[in-house]
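>>> quick one, structure for this:
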Amino acid sequence: MGRLRSLHVSTGILAISGGSLLLLVNNYASSAEKIFIPYTALGILLLIIAALAAYAGIGHSLSHTRLFSTLCLTVSALWCGSGLVYILMGQAVLHPTELRSSLVPGLAAFTLALFILGSVALTVKKAVLFLISISISLASAHQIAGLSAVGFGQSASAANYLLVCLVCVYFGFGRLLSTVTNGRLELPGTALKIKAEVTTEQSQGCNDAVSVGLVMNLLSASVLACPMLGVIPQLSVGHVPWLWTAGVFQLTMCVLFYRAMDTLNATFYGFTALLKFAEGYSALLAFYATKPLSPVPFPVVFSVLFFILALFSCQKSLLEGLYQLFFVAYCIAIAVQPQGFFQGGTQGVQAATFVASACMLLITTFNMVASSMIPTGKGYFKASVTRMRGLTLRTHDKELHAPYLGYSKYADAEVLGHACSVLAAFAVTATVGNRDPLSVLILPWVVMAGGALQLLCGSVAFARGKTFESTVFILYGVMWTVWGLTRYGGLYGETRGLSVATGIISFMLFNGLVTVASLFVSVVWFIYAFTFQLILISFLLDAVGALPYGYDIGVTIIFGLVSFYCFLANIFNSTFQSPQIPLGRPLVKLSGVGRAADICPHVPAHKATSVQQIAEVMKNGGICGMPTDTVYVLVAACNRPDAVVKAYKVKKQAQDRPMSLWISSIKQLEPVRHLLSPLLLDFMEAAWPSSISMVIPRGIWMDTFGLGDAAKYIGTPQSIAIRNPDCSVATHLINLVGPIAVTSANPTGEADTTHHNQVYAKLGDKVDGVLCDGPSPENIASTVVDCTKIETGQIGFFRVGLIPKSKVLQIFEEVQRQHTQGQTNLGFEYDLHPDTGRGASPVCDYLYSSACPVSVPTATSQIPLIVSQLSPSISQCVPV
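The predicted structure follows:
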């Protein structure tokens, strides 16, 4: 983890220094008459550098080093937006006189944002980050001055970038010095240590993503407020890069919030990303001298969703809830003014949002890194709810979002998914009439809300193992995208007819399967899928020119209301333990078919309590799926013969693939150690734990494990495979239940199981529990070594798997060498009698007795001959 963090820091510093050097050279070498680096080349280089800085910021965000991540992502957005503007200039999309109006709103926002980040870095004594932030902030301010007055501030901007380069060189030299001296010598301000005084609340959050999201809100507010303040004439195509950059970065923050198990912030920044894309779309139409008309229904519904989200966000802090109310006012302003983003009321709300976003950025970033925090009203929501009878808040931890098929790295995205269905449904209720479809503000709402964000939610649901939900969101996302582009992208017109109808019918067939599947899920999901089928029917009737008046609007509103109910139920149920808004039971339930409440426990393997839970299941005769150092396996406790028989029958074991015996350590063989070869025991000690299975002769020693008649299902009549896995989860479970019988977790003849979801999918409800650990670390099986003739000095191989043959032979030869030299395995010295040094087994007693005709060293080398001369009982105990 330390090396990975160092890589991200190095990449971020390299990207910032590279971009600063590029702009330094360009500013010093350019003149008022001619720019040194062509605009297109400059823009492309800035985009490449911005991508590197974004990689460093996102990677560092996941490693919980906050301020540096925020700085990298902020600088990345600055250079991404300005780089796209330069490309538009180089391709003559923008006139040279439009460069100032295109760059100033974005540069102004980043000047303030970087100044705030630098101020916070100064308060927590992060000198390097302070100098980088303030220098780039001053460089952006001087660039604004240079755009306003030709030749003014250009050298000052270059000087600030020079300072950034020098700071980055200092930091890089410090990291190199630390690496060479193994951390014994570090320059001031170049250490990568995370402060120990960071509180649990700070470490659990994703405040760096919050800060970046606030910077993007600051950016879009600056772009829209500047026309009202007279800084620029009006919105133009030159502002599209800034607005869409903000939208893309907020979608990225949305994904990071799902990784941080923060559904509320993920939903909020998903909503704000939609606004950024709509604003950019409106600015793009200005290129065609068109100001889009904003229909009333959509912004009103959007304001309602924002208000509900703001209300539930108060549980995080009152400040967040109040801040989100600015976007409620913004949506209302869009609804009451037909020209939307181009009119004073909307731009005035954005000016207020600019101030609010700047204050929120300062407070959030300070609280992210400082030891003392600015009060934000945390706890008031909880205190108010606890005074209300009948309401019980749900405990918010990562287990809240654990899917029914085990551990997931993402929170549940159904709140945002259903909200997007609401937005897309009410967007298409707007009538275009005789107007150009592109001139009505519907396309971005349908394509981005119903399409892009639904696809995002479907991807998150798929990552969580929720197959049905992911199928619904992805299918509906594709449908909204195709229909939105066709119907409201100006492509519909003369294309109505059989070709369009054929495509819609194919979607209807897919959704018909979804509707049937929803019968096994819940009442609400069935209504949700069925009403969408009605919408598809309206699309089909419209395509063939047979749409009844009002039918499409009616069914779309019904679907929107059902989606709103799902949105409200999911956000309410994720907040309150009781009461719960009902979603209904499955309408159809067959034997073996059900939902989370009906399947066996799927618990995360990284929790000790989960392993204990599965151990109790096995002690009670259950069979379970378990991760290992190779693939997933099906296990049963050896002291429960009924469970061993059950596992054998579930697997439908083939004779050539017998079950094996697993132990957690060689100490579990202590009761039968005197019945096993010393060379074999030493070989086990040297080779385990590992992905090596050893096939050894059967014997009555197997009765010690309590297998009874079930012993015949493990191994063959002549031999048995035994293994000590190199997996902490597996060994901990075996420690709790004792030696286990193991077989692969798949029906005979099928491929190995490499994910916990596949265990239940392949074996169904015959499994009593699954320890979930995601994908298998290896897709290769263990190496199976033939040790039945080990006393002759020979071993064979039934299968060469994860451990190569050469490695196994190397281990065995070393064990043989030690035996030849008469060395004792320290792991078994406690088996010797303390007074005589003799072994505790009958064989050892015989070797040390006067009846033995040879000396002990000689007798040791002639064990097979001696054993054959012993009593039949002893000769049966020792494999020859």
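
>>> following the strand or helix carrying Ala643, which helix or strand shows up next?
Here Ala643, judged by DSSP states H and E, is contained in helix 641-651. Counting by DSSP H and E, the next helix or strand C-terminal to helix 641-651 is strand 660-662.

>>> neighbouring strands for that next one, and are they parallel or not?
As defined by DSSP bridges, the strand partners of strand 660-662 come to strand 719-723 (parallel), strand 740-744 (antiparallel).

>>> comparing these, which comes out most buried?
Among the strands paired with strand 660-662, ranked by average contacts under mean count of other C-beta atoms under 10 Å, first place goes to strand 740-744 (a mean of 26). Where C-beta positions appear, they are placed from N, C-alpha and C, glycine not excepted.

>>> about what we covered before: make JSON lines out of the strands paired with strand 660-662 and add mean pLDDT.
Listed next are the strands paired with strand 660-662 as JSON lines, based on pLDDT from 0 to 100:
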{"stretch": "strand 719-723", "mean pLDDT": "91"}
{"stretch": "strand 740-744", "mean pLDDT": "90"}
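
>>> closest to Gly379 out of these?
Closest to Gly379 of the strands paired with strand 660-662 is strand 740-744 (C-beta to C-beta; 47.6 Å).

>>> list the contacts of the closest one.
With C-beta atoms under 8 Å, 6 or more residues apart in numbering as the test, strand 740-744 has contacts from 618, 631-638, 643-644, 647-648, 651, 653, 657, 659-662, 707, 710, 713-714, 723, 733-734, 752-753.

>>> repeat for stretch 760-772
Contacts to stretch 760-772, defined as C-beta under 8 Å, 6+ apart, come from residues 405-407, 592, 598-605, 610-611, 613-614, 617-618, 622-627, 634, 646, 650, 729, 733, 745-747, 750, 753, 756, 759.

>>> restricted to helices, list those residues.
Among the contacts of stretch 760-772, the ones falling in helices (DSSP state H) are 610-611, 613-614, 617-618, 646, 650, 729, 733, 756, 759.

>>> quick one, which of these are buried?
Listed as buried from these are 610-611, 614, 617-618, 646, 650, 729, 733, 756, 759; burial here means 16 or more other C-beta atoms under 10 Å.

>>> where along the stretch 451-600 of the chain do the strands fall?
Assigned by DSSP state E, counting those that start in this stretch, the strands in the stretch 451-600 of the chain fall at 576-578.

>>> which stretches in it count as helices?
Shown for the stretch 451-600 of the chain, the helices assigned by DSSP state H, counting those that start in this stretch span residues 454-463, 467-488, 498-518, 523-543, 551-573.

>>> most tightly packed of those helices?
Comparing those by mean count of other C-beta under 10 Å gives helix 454-463 as most buried, with a mean of 23.

>>> how about the CA coordinates for that one, as CSV?
Extracted as CSV, the C-alpha positions of helix 454-463 are listed here (Å, rounded to 0.1, in the frame of the first residue of the first chain):
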residue,chain,number,x,y,z
GLN,A,454,-29.2,4.4,-15.5
LEU,A,455,-26.3,2.5,-17.2
LEU,A,456,-24.1,3.7,-14.3
CYS,A,457,-26.6,2.4,-11.7
GLY,A,458,-26.9,-0.9,-13.6
SER,A,459,-23.1,-1.3,-13.6
VAL,A,460,-23.0,-0.7,-9.8
ALA,A,461,-25.9,-3.2,-9.3
PHE,A,462,-24.0,-5.8,-11.4
ALA,A,463,-20.8,-5.2,-9.4
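
>>> averaged pLDDT, it. What do you get?
Taken as a whole, helix 454-463 has an average pLDDT of 90.

>>> list the contacts of it.
Helix 454-463 has contacts (C-beta under 8 Å, 6+ apart) with 251, 254-255, 258, 270, 408-414, 416-417, 420-421, 424, 469-474, 476-478, 480-481.

>>> then stretch 798-811?
Contacts of stretch 798-811 (C-beta under 8 Å, 6+ apart): 629-630, 683, 686-687, 690-692, 695, 778, 780-786, 795, 797.

>>> let's see that with 6 Å instead.
630, 686-687, 691-692, 778, 780-786, 797 (C-beta atoms under 6 Å, 6 or more residues apart in numbering).

>>> what residues sit buried inside it?
For stretch 798-811, burial by neighbour count (16+ other C-beta under 10 Å) applies to 800-803, 808, 811.

>>> and those residues, which is closest to Thr386?
Nearest to Thr386 among those, counting by C-beta to C-beta, is Leu802 at 53.8 Å.

>>> so that closest one sits in a strand?
No: using DSSP: H, G, I helix; E, B strand; the rest coil, the secondary structure at Leu802 is coil, not a strand.

>>> measure it to Leu661 for me?
19 Å (C-beta to C-beta, to the nearest Å).

>>> what of Thr346?
Distance, Thr346 to Leu661, by C-beta to C-beta: 72 Å.

>>> which of these two has more neighbours?
Thr346 (26 against 22; other C-beta atoms under 10 Å).

>>> please tell me how far that one sits from Ile334.
To Ile334, Thr346 is 6 Å away according to C-beta to C-beta.

>>> how about the buried residues of stretch 798-811, which pair is most distant?
The widest separation within these (C-beta to C-beta) is 15.1 Å, between Gly801 and Ile811.

>>> quick one: low-confidence ranges for the stretch 651-800 of the chain?
652-657, 778-779 (pLDDT under 70).

>>> now with 80?
651-657, 673-674, 701, 703, 747-752, 757-758, 760-765, 774-781 (pLDDT under 80).

>>> quick one: the most centrally placed residue in the chain and Tyr258, what's the gap?
The chain has Lys409 as the residue nearest its centroid, 4.1 Å off, counting by C-alpha atoms, centre = their mean. Separation of Lys409 from Tyr258 (C-beta to C-beta): 9 Å.

>>> with Ile795 instead?
Counting by C-beta to C-beta, the gap between Ile795 and Tyr258 amounts to 50 Å.

>>> quick one, which of the two is more surrounded?
Legend: neighbour count by other C-beta under 10 Å for Ile795 and Tyr258, higher for Tyr258 (29 against 20).

>>> and the more buried one, what does it touch?
Under the criterion of C-beta under 6 Å, 6+ apart, the neighbours of Tyr258 are 266, 410-411, 460.
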